[in-house]
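**Q** Sequence first, then the predicted structure, then my questions.
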Amino acid sequence: MFFPEYRARRLRRTPNLRRMVRETSLAVDDFIYPLFSVAGENIRREIPSMPGIYQQSIEHLVTEACEVFDLGIPAVMLFGIPEKKDPLGSDAYSDDGIIQRTIAALKDELPELTVITDVCLCEYTDHGHCGVIKDNDVDNDATLQLLAAEALSHARAGADMVAPSDMMDGRVAAIRELLDANGFSHIPIMSYAVKYASAFYGPFRDAADSAPQFGDRRSYQMDPANRREALREAALDVQECADFLMVKPAMAYLDIIRELRDHFELPLVAYNVSGEYAMLKAAAEKDWIDHDRVLLELLTGIKRAGADLIISYHAKEAARLL
């Protein structure tokens, strides 16, 4: 087909025609909304680098979760900020931990909401790293036991799904084994399979109070320059019986999302992270961009790259626009 017989603009002429031939759709069902639960009562602190996002005590978090559910968003992702932190992050796997109590409150108020929990230790350790420290580094194998215990405690509290984000080798298998051994073979694992050591996480570390107190996380999170390694990481998690694969961050890693979509059949999740959220908010505040149009374009691009689901701090805004 060649011009002038073929004219591509024929199918762009009216809004209805454009809608009829649209290849990628964005729906409220695609979103997961992150929430930050903090120990205490009557707390609702806006995160300065993330306008509109809050650290909240449980009663306020449940109120926002009701708003999320009423918008049609099917799931939330929980992160916890405990009252006290220690070297082993013991609140993460305590039956009375902040996340365990948050899960119970959510399930009591909103039993149909899908509650996904972040499984990591960085929010709970006083050093801010994602595991047990030995010789000034994270001990991979010692950390696996605590991550599995954390996931089990979340399942016992009523979580619908657990999402390990630590990037320890073998953590999906360790979690699957302990869940299955304790009667939770029905609980899915959403693995942060491909998580890069990204500079886009800065605002999140403010939100979760989880910045490392020494060094960084580059010995366990992935080098942003690597593509083939992403396929190896995802393949390992598939072998260890992950139910979902995730790429984090999203915007600078659309090629990685596409690679995983082409190579694996599991549902694929993209995490539209805090730094991406903050950049859009800052540009919109200066009237440099049309916030709503750019937001939907960005989320559509993540879907077009191959993501089935998107974890996003923009989820409520997007739901109202769709």
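**A** Cool, the structure landed. Numbering: from 1, shown residues only.
**Q** Surely residue 229 touches residue 222?
**A** Yes: counting by Cβ atoms under 8 Å, residue 229 does reach residue 222; the two are 6.1 Å apart. Placement of C-beta: from N, CA and C, glycine included.
**Q** ok, the two, which is more surrounded?
**A** Higher neighbour count among residue 229 and residue 222: residue 222, with 20 against 14, using other Cβ atoms under 10 Å.
**Q** what about that one, distance to residue 248?
**A** 10 Å (Cβ to Cβ, to the nearest Å).
**Q** intersection of neighbour lists for these two?
**A** Contact criterion Cβ atoms under 8 Å, 6 or more residues apart in numbering; residues shared by residue 222 and residue 248: 194, 195, 196.
**Q** Touching the lowest-mean-pLDDT helix or strand in the chain from outside, list them.
**A** In the chain, the helix or strand scored least confidently by mean pLDDT, DSSP states H and E is helix 202-208, which has a mean of 80. Outside helix 202-208, the residues that touch it by Cβ under 8 Å, 6+ apart are 36, 47-50, 53, 55, 79, 81, 122-123, 210-211, 273-275, 277-278.
**Q** swap the cut-off to 6 Å and go again
**A** The contact list for helix 202-208, computed with Cβ atoms under 6 Å, 6 or more residues apart in numbering, reads 36, 47, 49, 50, 79, 123, 211, 274, 275, 278.
**Q** of the residues you listed, closest to residue 159?
**A** residue 79 (12.9 Å; Cβ to Cβ).
**Q** Show the average pLDDT along the strand or helix carrying the closest one.
**A** Assessed by DSSP states H and E, residue 79 sits inside strand 75-81. Averaged over strand 75-81, pLDDT sits at 97.
**Q** Poorly predicted segments of the stretch 101-250 of the chain, please.
**A** Low-confidence regions of the stretch 101-250 of the chain, defined by pLDDT under 70, span residues 208-210, 214-215.
**Q** re the thing from before, other SSEs contacting the helix or strand just after the least confident helix or strand of the chain?
**A** Following helix 202-208 in sequence order, the next helix or strand is helix 228-239 (DSSP H and E). In terms of contacts (3 or more Cβ pairs under 6 Å, 6 or more residues apart in numbering; DSSP states H and E), helix 228-239 is packed against strand 190-195, helix 254-263.
**Q** next structured bit after helix 228-239?
**A** strand 244-248.
**Q** how about the CA coordinates for that next one, as PDB?
**A** C-alpha atoms of strand 244-248 as PDB (Å, rounded to 0.1, in the frame of the first residue of the first chain):
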ATOM      1  CA  PHE A 244       3.700 -12.300  38.800                       C
ATOM      2  CA  LEU A 245       6.900 -10.700  37.500                       C
ATOM      3  CA  MET A 246       7.600  -7.000  38.100                       C
ATOM      4  CA  VAL A 247       9.900  -4.400  36.500                       C
ATOM      5  CA  LYS A 248      10.900  -1.500  38.700                       C
END
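**Q** can you pull the buried residues of that strand?
**A** For strand 244-248, burial by neighbour count (16 or more other Cβ atoms under 10 Å) applies to 244, 245, 246, 247, 248.
**Q** in the sheet, who's paired with the third one?
**A** By that I understand residue 246. residue 269 (DSSP bridges).
**Q** ranking the contacts of helix 202-208 by neighbours, who comes first?
**A** In the contacts of helix 202-208, the most neighbours by other Cβ under 10 Å go to residue 123, 26 neighbours.
**Q** Roughly how far does that one sit from residue 207?
**A** 10 Å.
**Q** Repeat that for residue 14.
**A** From residue 14 to residue 207 the distance is 43 Å (Cβ to Cβ).
**Q** so where do the strands sit in the chain?
**A** 31-38, 44-47, 50-56, 75-81, 114-119, 133-134, 137-138, 161-164, 190-195, 244-248, 268-272, 309-312 (DSSP state E).
**Q** Need these in a markdown table (columns: distance to residue 23).
**A** Shown next, in a markdown table, are these (distance: least, Cβ to Cβ, whole Å):
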| stretch | distance to residue 23 |
| --- | --- |
| strand 31-38 | 20 |
| strand 44-47 | 36 |
| strand 50-56 | 31 |
| strand 75-81 | 25 |
| strand 114-119 | 28 |
| strand 133-134 | 48 |
| strand 137-138 | 43 |
| strand 161-164 | 29 |
| strand 190-195 | 25 |
| strand 244-248 | 21 |
| strand 268-272 | 17 |
| strand 309-312 | 17 |
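**Q** So which of those strands is nearest residue 152?
**A** Among the strands of the chain, if distance is taken as Cβ to Cβ, the winner is strand 161-164, at 8.8 Å.
**Q** For the closest one, name the packing helices and strands.
**A** Short answer (3+ Cβ pairs under 6 Å, 6+ apart): strand 161-164 packs on strand 114-119, strand 190-195.
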